[in-house]
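Chemist: below is the structure, and that's it, no one-letter string:
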């Protein structure tokens with residue numbers, strides 16, 4: 001039989017092109033067999049049915065190809081899968097945050113000198129996950145994650161004390177105030193029962209507006225830790241920064257000490273839809289222990305317990321992890337999972353309405369209270385309020401948001417590659433292990449390299465805040481926490497030296513000419529207010545120069561100022577005066593109206609804006 005060569009086109013994509021192509025095919029290759037192409041003929045019935053099938057198949061083929069690319073995908077489930085593939089975890093809701101002021105009264109007592117002071121025996125302790133409700137809408141709830149202990153006051157957790165009431169001329173009651181960060185949400189819990197271990201088992205939490213998983217414990221009391229992926233075998237842990245945990249610790253600017261802990265009970269979370277959060281587990285069993293192995297003759301070099309025929313294998317002395325189970329799978333247990341739900345635009349409540357709360361878990365720090373009646377009065381004096389409105393609450397990621405965030409996340413992958421990556425990572429360190437207020441990074445100068453050191457060393461200069469938001473050098477504890485935190489993200493061949501930046505305190509003097517019919521004092525005060533805003537420490541970074549022209553323009557815009565005749569920046573130093581010990585030649589560092597920073601990274605700080613700004617009105 002002769003081979004038939006047919007001219008077949010593969011570019012048809014829709015119903016009409018399929019139909020026309022089939023008609024042309026019939027006319028070309030079967031001209032005598034069939035020639036009735038009227039719309040109601042039997043042949044056209046089959047031709048149009050084939051065209052219909054081809055059109056539908058082309059549509060679904062195009063759609064499936066489109067849904068495999070995150071740039072074009074539209075279906076929510078596909079977008080979620082593609083986003084996780086690129087390392088981005090979509091959000092189905094975002095919690096609002098707000099600072100909550102917590103109050104309690106204290107009775108007064110006489111101290112040894114005869115002065116009236118607060119009686120701290122009546123201090124209360126508010127537990128973590130304390131819930132506060134809006135007085136306007138009971139469905140709007142916030143929780144305070146940290147414990148609030150009124151008996152403790154430090155630079156990181158100050159307690160404001162004021163006189164609440166007088167008895168005659170003597171204080172009768174004192175008012176204590178603390179501030180805590182609160183997030184919108186409600187804690188819920190669910191349980192999952194496991195029998196025989198299953199590799200890479202998973203369970204789903206079905207709920208709306210899921211923010212995240214708070215914690216997970218099994219029925220034996222073991223904690224399961226959430227990780228970004230099952231290959232991550234370490235998590236950050238903290239312990240209280242106190243003398244009994246570390247005798248050499250400095251307690252000023254790091255309330256907790258940060259450590260890395262290796263865990264085998266771990267899980268990952270991923271949203272598979274806006275109402276389903278999936279928890280995934282590893283493939284091992286309890287006997288597949290991937291905790292730290294202590295090197296000894298039984299497991300290094302000779303007598304390997306698990307494989308005696310690998311005595312010639314070279315093992316890294318820095319890593320004795322010999323498992324690929326990605327954690328263990330839960331078995332013969334019940335997991336209790338607590339998770340947080342809430343957030344959204346409705347959580348952005350106005351100020352002054354977060355005043356309702358559940359007091360059932362509030363306790364006295366001192367259990368031995370002498371006066372029960374007074375204790376009841378003090379207990380009922382607890383109050384809460386949000387001075388500012390809550391913000392940050394949003395609905396979940398939309399289609400385009402997931403797409404753009406996933407593409408952006410794929411480029412950085414939470415790794416510190418560039419200098420800016422290191423800055424972002426340092427400034428995003430959790431507050432409970434200390435706050436880096438300012439950071440600056442640059443390659444180590446060639447002259448500072450040691451013998452044999454590779455040119456991959458970066459110098460990171462950091463500063464922290466005092467309780468009054470004045471700059472200070474970071475303590476050794478805070479820098480150790482930062483070192484531990486960066487170790488999980490830095491490139492393997494990068495070395496980071498953490499150093500102290502210099503603080504240069506300054507004063508600002510200016511002379512202005514005031515327009516006629518304006519009050520000189522009022523204009524001066526407005527000018528001082530503008531300079532205070534300009535030198536607000538939030539607006540300044542390490543190695544940022546001072547632009548005198550910008551200050552001139554700022555003062556020129558003040559209502560009533562006719563001319564700015566002089567703006568002068570001076571250095572002020574001396575620990576005895578309350579300033580930095582470092583002096584700086586401002587005059588030599590000024591060139592064409594710009595005060596330049598030094599070669600060694602430093603920051604200009606106008607430390608006391610109420611007294612370090614002096615303005616004068618001069619005659620025309």
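Modeler: The structure has been received and is ready for your questions. Worth saying up front: this structure is predicted, and the values here are computed from it rather than measured.
Chemist: how close does the residue nearest the centre of the chain get to residue 533?
Modeler: Centroid-nearest residue in the chain, with CA atoms, centre = their mean: residue 428, separated by 5.9 Å. Distance, residue 428 to residue 533, by CB to CB, to the nearest Å: 26 Å. Yep, even glycine has a C-beta here, placed from its N, CA and C like the rest.
Chemist: likewise residue 512?
Modeler: In terms of CB to CB, residue 512 sits 17 Å off from residue 533.
Chemist: what's the answer for residue 77, then?
Modeler: From residue 77 over to residue 533 (counting by CB to CB), the distance is 49 Å.
Chemist: again, but for residue 497
Modeler: Noted for residue 497: a distance of 35 Å to residue 533, by CB to CB.
Chemist: and residue 391, by the same measure?
Modeler: Distance from residue 391 to residue 533, by CB to CB: 21 Å.
Chemist: which is the next helix or strand following the longest helix seen in the chain?
Modeler: Scanning the chain for the longest helix, with DSSP state H as the assignment, gives helix 42-66. Next in sequence after helix 42-66, counting helices and strands by DSSP states H and E, comes helix 76-85.
Chemist: what ranges do the helices span in the stretch 451-600 of the chain?
Modeler: Secondary structure of the stretch 451-600 of the chain by DSSP state H, counting those that start in this stretch: the helices cover 476-487, 520-534, 548-556, 586-589.
Chemist: deepest of those helices, which one?
Modeler: For the helices of the stretch 451-600 of the chain, ranked by mean neighbour count under the definition mean count of other CB atoms under 10 Å, the leader is helix 476-487 at a mean of 20.
Chemist: give me the phi and psi for residue 375.
Modeler: Taking degrees, to the nearest 10, you get phi -60, psi -40 for the backbone angles of residue 375.
Chemist: which residue, neighbours along the chain excluded, lies closest to it?
Modeler: residue 369 (4.4 Å; CB to CB, 6 or more residues apart in numbering).
Chemist: so what's residue 329 up against?
Modeler: By CB atoms under 8 Å, 6 or more residues apart in numbering, residue 329 lies in contact with 194, 197, 198, 199, 200, 201, 281, 282, 283, 284, 285.
Chemist: would you turn those residues into CSV with neighbour count, secondary structure and distance to residue 332?
Modeler: Below are the contacts of residue 329 laid out as CSV (neighbours: other CB atoms under 10 Å; DSSP: H, G, I helix; E, B strand; the rest coil; distance: CB to CB, whole Å):
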residue, neighbour count, secondary structure, distance to residue 332
194, 18, strand, 7
197, 18, coil, 8
198, 13, coil, 12
199, 12, coil, 16
200, 12, coil, 18
201, 18, coil, 13
281, 26, coil, 14
282, 28, coil, 16
283, 17, coil, 16
284, 19, strand, 15
285, 14, coil, 10
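Chemist: check pLDDT for these and point me to the minimum.
Modeler: Among the contacts of residue 329, residue 285 has the lowest pLDDT, at 69.
Chemist: so residue 421 belongs to a helix, correct?
Modeler: Yes - counting by DSSP: H, G, I helix; E, B strand; the rest coil, residue 421 falls inside a helix.
Chemist: and it, how far from residue 229?
Modeler: For residue 421, the distance to residue 229 equals 19 Å [CB to CB].
Chemist: name the residue in those two with the higher neighbour count.
Modeler: residue 421 (18 against 11; other CB atoms under 10 Å).
Chemist: would you mind measuring from that one to residue 284?
Modeler: Per CB to CB, residue 421 is found 33 Å from residue 284.
Chemist: do residue 8 as well
Modeler: Residue 8 is 54 Å from residue 284, where distance means CB to CB.
Chemist: swap in residue 600?
Modeler: Note on residue 600: its distance to residue 284, by CB to CB, is 51 Å.
Chemist: tell me the mean pLDDT over stretch 517-526?
Modeler: Regarding stretch 517-526, the rounded mean pLDDT is 93.
Chemist: what's the answer for stretch 34-47, then?
Modeler: Mean pLDDT, stretch 34-47: 88.
Chemist: what is the neighbour count of the residue lying closest to residue 138 once chain neighbours are set aside?
Modeler: Among residues not flanking residue 138 along the chain, residue 356 sits closest, at 7.6 Å (CB to CB, 6+ apart). For residue 356, the count of nearby residues is 14 (other CB under 10 Å).
Chemist: state the distance from residue 356 to residue 209.
Modeler: Per CB to CB, residue 356 is found 21 Å from residue 209.
Chemist: quick check: beta-bridge partners of the residue nearest to residue 138?
Modeler: Beta-bridge pairing for residue 356 (DSSP bridges): residue 133.
Chemist: need the contact list for it.
Modeler: Applying CB under 8 Å, 6+ apart to residue 356 gives the contacts 132, 133, 134, 135, 138.
Chemist: and the gap between it and residue 384?
Modeler: To residue 384, residue 356 is 8 Å away according to CB to CB.
Chemist: what's the overlap in contacts for the two?
Modeler: Residues touching both residue 356 and residue 384 (CB under 8 Å, 6+ apart) are residue 132.
Chemist: per-residue confidence for residue 118?
Modeler: pLDDT, residue 118: 91.
Chemist: same thing with residue 243?
Modeler: On pLDDT, residue 243 comes in at 55.
Chemist: repeat for residue 432
Modeler: Here the pLDDT value assigned to residue 432 is 62.
Chemist: equivalent analysis for residue 471, please.
Modeler: You'll see residue 471 listed with a pLDDT of 90.
Chemist: direction included, what does the helix or strand encompassing residue 204 pair against?
Modeler: Assigned by DSSP H and E, residue 204 belongs to strand 202-206. Strand pairing for strand 202-206, determined by DSSP bridges: strand 276-280 (antiparallel).
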